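> Structure of the sequence below:
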Amino acid sequence: MRGRVGSAPSSPVWRVFHPDGEHSAATSYLRELSASDCSPLTLRSYAFDLLRWFRFIDGRHLEWQRAERVDVRAFIEHLRSAPVVHGGRRSAGLSLEERASAHPGEGERPPRYAARTINHQLSVLFGFYEYACAADLGPLVNPVPAQRSRTGGRLHDHHNPMESFTLHHRATYRQKTPRPTWRGIPDDAAEALFAALPSNRDRALVSFYLSSGVRASELLGLRHGDLDAGRCTITVTSKGTRARDTVPAAVDSFVWLALYMAEQPPITPGGPVWWTRRPQPTPLTYHAMRAVLRRANARLGTNWSLHDFRHTAAHRLLADPTFTLVDVQTILRHASITTTQIYTQPRLEDLVEKMLEHFARPSEPVPTIEPNYQAESVRELLGLPPT
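Numbering: from 1, shown residues only. Next up is the predicted model:
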């Protein structure tokens, strides 16, 4: 396929090249986002979404400036039916099995684009065309429908803060998103996974994941100045806000960390904490940590992910009556408490276990009158008519 996403030394750090050279409008839009303090990962995600759109428009022999609403509709229909294809830089950290999943065997249904992915694609395109119209880069109108209120203005325009927000219909072409769910690791499965890890480095990582609930990339970005064993805390750079937040962790995590440090002392003062176990070590990346977990899953026949550790930590904290919902929200650093409330929903396996216990429990005996008492006297005492 024509086009690619490449990095650049100057702002914006990610750029779209389509069909052969740099796409000037996309670069201008990404530069606008970079000046608005968007993270490099956000710019990279937007660049790939724009490239997907440019490729689709190119296949219809259209210029992006002349795209209409019917073209956006055809694009959404294409995303709803087309299989997900991993290619280019996005597949660099995938295993051979994960790359082959884009081309399943006969009789298998290929993976489709998720509803959230399609909605994100629409948001990127809407913002891109809004900027292009305002900057007079070619298009006269935005072909992507925006969500409007019943009065015709933007959603929640001039909202009265004394009144609650009202529910609105989904915007045109926006997909129905499934209800958020979480998947925690049971205690026995977590112990088996921990025992399958081959090194103290991996045990320290999993212990920190399960006790602190930090995200995978946040823990891998730790540096030696971010550790405070005396207070049992670590300082991470939070995803999204990029704020430096201090998070508590278990004592056992620092014990495993000490064992790892005894085997592999710090390579550079103030440098990364986690390194690969090679003759020429390099900082441990997200994809390398996924490979560690993938090998452990292969030994156990499971399919746990790195984000399942965060779900498990949230569930364990909420199961402790000493922690309030706000406490867990603060530890997990959720922007809204409604996100934390997701972990209060019971899991299917817990409900199945309770149902089995319910049906296995013998029924309680019906209360009867003891034989030592005269039935007529008891009925008279209770004010019941005689039999």
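
> what's the spacing between S217 and Y286?
5 Å (CB to CB, to the nearest Å). The C-beta positions use only the backbone N, C-alpha and C, and glycine is treated the same way.

> Quick one: neighbours of I57, just the number.
By the criterion of other CB atoms under 10 Å, I57 has 20 neighbours.

> do P266 as well
Neighbourhood size, P266 [other CB under 10 Å]: 13.

> I'd guessed it sits against H224; true?
Yes: judged on CB atoms under 8 Å, P266 makes contact with H224 at a distance of 5.5 Å.

> which residues are common contacts for these two?
Shared contacts of P266 and H224, defined by CB atoms under 8 Å, 6 or more residues apart in numbering, comprise V273.

> Would you mind measuring from the residue nearest the centre of the chain to R44?
Residue closest to the mean C-alpha point of the chain, counted by CA atoms, centre = their mean, is H307 at 7.0 Å. Relative to R44, H307 is positioned 19 Å away (CB to CB).

> need the strands for the stretch 1-150 of the chain, in chain order.
Taking DSSP state E, counting those that start in this stretch as the test, the strands found in the stretch 1-150 of the chain are 4-7, 14-17.

> Highest mean neighbour count out of these?
Mean neighbour count, computed with mean count of other CB atoms under 10 Å, is highest for strand 14-17 among the strands of the stretch 1-150 of the chain, reaching a mean of 22.

> what's it in contact with?
Contacts for strand 14-17 (CB under 8 Å, 6+ apart): 3-8, 22-23, 26-27, 30, 40, 43-44, 47, 50-51, 54.

> ditto for stretch 243-250
For stretch 243-250, the external contacting residues (CB under 8 Å, 6+ apart) are 207-208, 211-214, 228, 232-238, 331, 333.

> Between the residues you listed, which sits nearest V255?
Lowest distance from V255 to these (CB to CB) belongs to S207, with 8.3 Å.

> ok, the closest one - contacts?
F194, A250, D252, S253, W256.

> Looks to me like it is in a helix.
Yes: S207 forms part of a helix when assessed by DSSP: H, G, I helix; E, B strand; the rest coil.

> how close does it sit to N303?
Distance from S207 to N303, by CB to CB: 21 Å.

> Pretty sure G3 sits against H18.
Yes: at 3.5 Å, G3 and H18 qualify as touching, with contact defined as CB under 8 Å.

> any common contacting residues for the two?
L51, F54, R55, D58.

> Out of these, which two sit at the greatest distance?
Checking these with CB to CB, the most distant pair is L51 and D58, at 10.3 Å.

> Overlap of the contact sets of those two?
Contacts common to L51 and D58, judged by CB under 8 Å, 6+ apart, are G3, H18.

> of these two, who's got more company?
Neighbours were counted for L51 and for D58 using other CB under 10 Å; L51 has more, 21 against 16.

> Contacts only, for the more buried one.
Contact partners of L51, counting by CB under 8 Å, 6+ apart, are G3, R4, V5, V16, H18.

> And those residues, which is closest to R277?
Comparing the contacts of L51 against R277 with CB to CB places V5 closest, at 31.4 Å.

> ok, and the closest non-adjacent residue to that closest one?
Excluding its sequence neighbours, the residue lying closest to V5 (CB to CB, 6 or more residues apart in numbering) is A47, at 4.5 Å.

> the helices in the stretch 1-150 of the chain, which residues?
24-35, 40-59, 69-81, 96-100, 115-134 (DSSP state H, counting those that start in this stretch).

> Of all the residues in the second one, which ones are buried?
When burial is assessed from 16 or more other CB atoms under 10 Å, helix 40-59 yields the following buried residues: 42-54, 56-58.

> quick one: what helix or strand has H287 in it?
Using DSSP states H and E, H287 falls within helix 286-300.

> Alpha carbons of that helix, as PDB, please.
Taking C-alpha atoms only, helix 286-300 is exported to PDB below (Å, rounded to 0.1, in the frame of the first residue of the first chain):
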ATOM      1  CA  TYR A 286       6.900  -2.600  26.200                       C
ATOM      2  CA  HIS A 287       7.100  -5.100  23.400                       C
ATOM      3  CA  ALA A 288       9.900  -7.000  25.200                       C
ATOM      4  CA  MET A 289       7.800  -7.200  28.400                       C
ATOM      5  CA  ARG A 290       4.900  -8.500  26.300                       C
ATOM      6  CA  ALA A 291       7.200 -11.200  25.000                       C
ATOM      7  CA  VAL A 292       8.100 -12.200  28.600                       C
ATOM      8  CA  LEU A 293       4.400 -12.500  29.500                       C
ATOM      9  CA  ARG A 294       3.700 -14.400  26.200                       C
ATOM     10  CA  ARG A 295       6.300 -17.000  27.100                       C
ATOM     11  CA  ALA A 296       4.800 -17.500  30.500                       C
ATOM     12  CA  ASN A 297       1.300 -17.800  29.000                       C
ATOM     13  CA  ALA A 298       2.600 -20.400  26.600                       C
ATOM     14  CA  ARG A 299       3.900 -22.500  29.500                       C
ATOM     15  CA  LEU A 300       0.600 -22.300  31.400                       C
END
